[in-house]
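A.B. asks: sharing a model prediction with you, sequence too.
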Amino acid sequence: MSMKKMKPWFFLLPALIAYLITIVIPSLYTLFLSFFQWNGVAPQKKFVGLGNYIMLLTKDETFLLALKNNVIWTIASLVIMIGFGLILALILNRSLKGRVFFRSIFYFPFVLSNIVVALIWGWLFNPDMGLINNLLDKIGLDKFQHAWLAEPKTALMAVFVAATWQGVGMPMILFLAGLQSISKEPYEAALIDGAKPYQMFFRLTIPMLSETFVIVFATTMIASMKVYDIIYAMTAGGPANSTQVLSSWMYYQTFKFANVGVGSAISWFMVIISMIFVIPYVYIMTKKSHVE
């Protein structure tokens, strides 16, 4: 290979080395550890093959609950967070007075630390002094008051509300960028032909946002599968493991219970599940957009 053809690789080399050291090699080592029983400090590792994976799927009830919670969280994120982000983008893409201010307001929570968001919403959900219960009491809906983060039936929902408040700004910004790149000519032609607003939305806006949907779907899916810090900060996986997700249970298995092999297996479950859904979707949507 000539020096001219090698030149781009020299520019890529520092980033490739960093990627190999921080992502590829640790990931492969984690895969290696998932086939062993090891407490993280013993000099010897006991090879168990697929034993860790089989144990998680057949004997670990908390893992199955965490998997269920991850599925619920992911579906809710794809429907509610993306849907709400799209609605906000459509509204704030109009020529409204103060739209830049409102864009900043809705995007601001996204730049906050997850721990800060957890603290804020922990105070709001406080059963005695929190704003939510006090507000329900003031408007005569005290029967709907809960110890939101201390009851298994409400804890996951409460944490998801906090995560949605923080995370909806990112899909909103991405959809705004996509909407602003769309030409106005198709809409003008559709108006002349007598198209209704909902027809223009489904037949023009949605198809022309297909590439944006690929990015938003993939990033939301991956973020949903690895959600951890806001859950750990607000509930630590409780009460009664009702808010455990794969990331938090991986942490418990690896660092609390010293089951490094089991924790590594959980991490690869997360990778596999993400790849099963994200890669086909990105491939199909990318292929579709190229055809169009």
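C.D. replies: Received it, and whenever you're ready, just let me know what you need. Residues are numbered from 1 along each chain as shown.
A.B. asks: how far away is residue 125 from residue 230?
C.D. replies: According to CB to CB, to the nearest Å, residue 125 and residue 230 sit 13 Å apart. Using the backbone N, CA and C atoms, a C-beta is placed for each residue, glycine as well.
A.B. asks: should've said residue 145
C.D. replies: Distance, residue 145 to residue 230, by CB to CB: 23 Å.
A.B. asks: between these two, which is the more surrounded one?
C.D. replies: residue 230 (21 against 15; other CB atoms under 10 Å).
A.B. asks: quick check: closest non-adjacent residue to the more buried one.
C.D. replies: Leaving aside its sequence neighbours, residue 230 sits nearest to residue 114 (CB to CB, 6 or more residues apart in numbering; 4.5 Å).
A.B. asks: what's the burial count for that neighbour?
C.D. replies: Neighbour tally, residue 114, other CB under 10 Å: 19.
A.B. asks: which residues sit in contact with it?
C.D. replies: 166, 229, 230, 233 (CB atoms under 8 Å, 6 or more residues apart in numbering).
A.B. asks: now intersect those residues with the helices, please.
C.D. replies: In helices, judged by DSSP state H, the following of the contacts of residue 114 are found: 166, 229, 230, 233.
A.B. asks: pLDDT check: weakest of the residues you listed?
C.D. replies: pLDDT is lowest at residue 229 among the ones in helices among the contacts of residue 114; the value there is 90.
A.B. asks: give me the distance between the nearest residue to it once chain neighbours are set aside and residue 47.
C.D. replies: Of all residues not flanking residue 229 in the chain, residue 114 sits nearest, at 4.3 Å (CB to CB, 6+ apart). Counting by CB to CB, the gap from residue 114 to residue 47 is 37 Å.
A.B. asks: ok, now residue 58?
C.D. replies: 19 Å.
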